[in-house]
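Chemist: predicted model, plus sequence, below.
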Amino acid sequence: MAEEPGTLLYYLKRSTEFLEKKEIPNPRVDAEWILSDLLNLPRIKLYSQFEMPLGQKEIDLYRMRILERSKRKPVAYITGKKGFHKFEYLVTDDVLIPRPETEELVDYLWKGKENLTRNETGEIQIWDLCSGSGCIGLSLAQLLESSLVTLSDLSEKAIEVSRRNAEKYHLTEKTEFYVSDLDLSIPKELQFDLIVSNPPYIPESEKPEIMPDVLEFEPHLALFISDFKEFHKQLLTAIKRRLKPGGKLMIETHPLYMDDVESLAEELGFVNSKKILDSSKKERFFFAEVPPLS
């Protein structure tokens with residue numbers, strides 16, 4: 001198809017070429033996502049609108065956003081949102097961008113929902129620890145019937161983002177929010193049937209290996225830890241004291257340190273542990289239980 005100057009296709013191609021010269025991975029895909037968001041069109045609809053002329057305001061905004069992407073700013077931070085599982089969540093640079101791997105954690109629990117512990121009223125009380133945008137806990141709140149969800153994060157700004165996401169999906173009546181270092185600010189009486197977490201788990205020594213899109217833009221508080229074993233010992237200890245008898249945990253973690261997580265959990269008295277592979281065949285998720293009352 002011939003491209004006429006001033007049309008959607010013209011600016012899409014120019015933007016793709018510009019991003020390609022800047023060595024941005026998947027330049028065409030990124031250019032399309034940014035444009036579809038700007039025009040409030042589903043990305044697939046762009047293909048039927050190639051001859052549509054863009055107004056000067058749209059052109060200026062598109063150029064500005066493509067320039068941001070050329071400087072490695074992630075597309076999700078440019079558009080302010082990210083699709084996750086069956087939903088779409090607001091994101092800012094105060095929270096991690098939800099990852100496809102983390103969707104797999106949610107999917108695993110959703111598909112195994114019949115095996116999750118519930119209280120005598122049939123409710124399941126969930127704690128999303130290190131909740132960030134709230135994508136894990138809020139997705140489970142919608143997927144699992146009669147679930148009550150607590151979200152906590154060390155970052156007050158992250159909790160504000162998760163509040164906005166809860167409001168978007170009308171979940172505020174079944175969610176509670178806490179700014180907390182692990183469980184230190186969680187009310188003493190709160191106990192849970194299921195605790196989920198995607199905590200920081202990348203050792204600081206691996207920073208040189210991290211792609212600039214992540215290293216330069218995403219919050220380091222949610223990514224990196226100085227001492228993997230010590231942090232996870234504290235994490236699992238907090239989880240253990242907050243799980244009800246028979247309660248379950250599932251965390252995302254570093255595939256190279258999965259054996260350390262399993263050993264720590266066994267030392268703390270967790271049982272029925274499983275190391276679960278992600279779609280890339282990496283040991284990404286750790287599942288375990290607290291023994292039920294005898």
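Modeler: That came through fine.
Chemist: every contact and neighbour count from this point should use C-alpha atoms.
Modeler: Noted.
Chemist: which of the residues in stretch 7-22 are buried?
Modeler: Thr7, Leu8, Leu9, Tyr10, Tyr11, Leu12, Lys13, Ser15, Thr16, Phe18, Leu19 (16 or more other C-alpha atoms under 10 Å).
Chemist: next, find the distance separating the residue nearest to the spatial centre of the chain from Lys244.
Modeler: Nearest to the geometric centre of the chain sits Pro98, at 2.8 Å (C-alpha atoms, centre = their mean). The gap separating Pro98 from Lys244 is 28 Å, by C-alpha to C-alpha, to the nearest Å.
Chemist: can you check the pLDDT for Phe87?
Modeler: Predicted confidence (pLDDT) for Phe87: 96.
Chemist: err, Ser280, not the other one
Modeler: pLDDT, read off for Ser280, is 94.
Chemist: and it, that's in a helix?
Modeler: No - assigned with DSSP: H, G, I helix; E, B strand; the rest coil, Ser280 falls outside any helix and is coil.
Chemist: how about low-confidence regions in the stretch 51-200 of the chain?
Modeler: Low-confidence segments of the stretch 51-200 of the chain, defined by pLDDT under 70: 117-120.
Chemist: now the helices for it?
Modeler: 56-70, 75-79, 100-111, 135-143, 156-168 (DSSP state H, counting those that start in this stretch).
Chemist: which residues does the shortest one contact?
Modeler: By that I understand helix 75-79. Applying C-alpha atoms under 8 Å, 6 or more residues apart in numbering, the external contacts of helix 75-79 come out as 30, 33-34, 37-38, 65, 68-69, 82, 91-93, 97.
Chemist: repeat that for the last one.
Modeler: Where contact means C-alpha under 8 Å, 6+ apart, the residues beyond helix 156-168 that reach it are 89-92, 94-95, 131-135, 138, 151-153, 172, 175, 177-179.
Chemist: show me where the stretch 151-294 of the chain has its strands.
Modeler: For the stretch 151-294 of the chain, strands defined by DSSP state E, counting those that start in this stretch occupy the ranges 175-179, 192-197, 202-203, 224-225, 243-252, 271-277, 283-289.
Chemist: chain center to the third one: distance?
Modeler: Looking back up the chat, that one is strand 202-203. With C-alpha atoms, centre = their mean, to the nearest Å as the basis, strand 202-203 stands 17 Å off its chain's centre.
Chemist: next one: the fourth one
Modeler: Centre-to-centre, strand 224-225 and its host chain are 16 Å apart (C-alpha atoms, centre = their mean).
Chemist: same for it, what does it pack against?
Modeler: Taking 3 or more C-alpha pairs under 8 Å, 6 or more residues apart in numbering; DSSP states H and E as contact, the helices and strands that strand 224-225 lies on are strand 202-203.
Chemist: now the helices of the stretch 51-200 of the chain in a markdown table, with mean neighbour count and distance to Ile126?
Modeler: Shown next, in a markdown table, are the helices of the stretch 51-200 of the chain (neighbours: other C-alpha atoms under 10 Å; distance: least, C-alpha to C-alpha, whole Å):
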| stretch | mean neighbour count | distance to Ile126 |
| --- | --- | --- |
| helix 56-70 | 16 | 36 |
| helix 75-79 | 20 | 27 |
| helix 100-111 | 17 | 12 |
| helix 135-143 | 24 | 7 |
| helix 156-168 | 20 | 15 |
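Chemist: who wins for proximity to Phe192 among those helices?
Modeler: helix 135-143 (12.9 Å; C-alpha to C-alpha).
Chemist: what sits up against that closest one?
Modeler: 84-87, 89, 98, 102-103, 106, 110, 126-128, 131, 147-151, 162, 165-166, 171, 174, 196.
Chemist: quick one: that helix to helix 156-168, angle?
Modeler: If you take axes from the mean of the first three to the mean of the last three C-alpha atoms, to 10 degrees, helix 135-143 sits at 20 degrees to helix 156-168.
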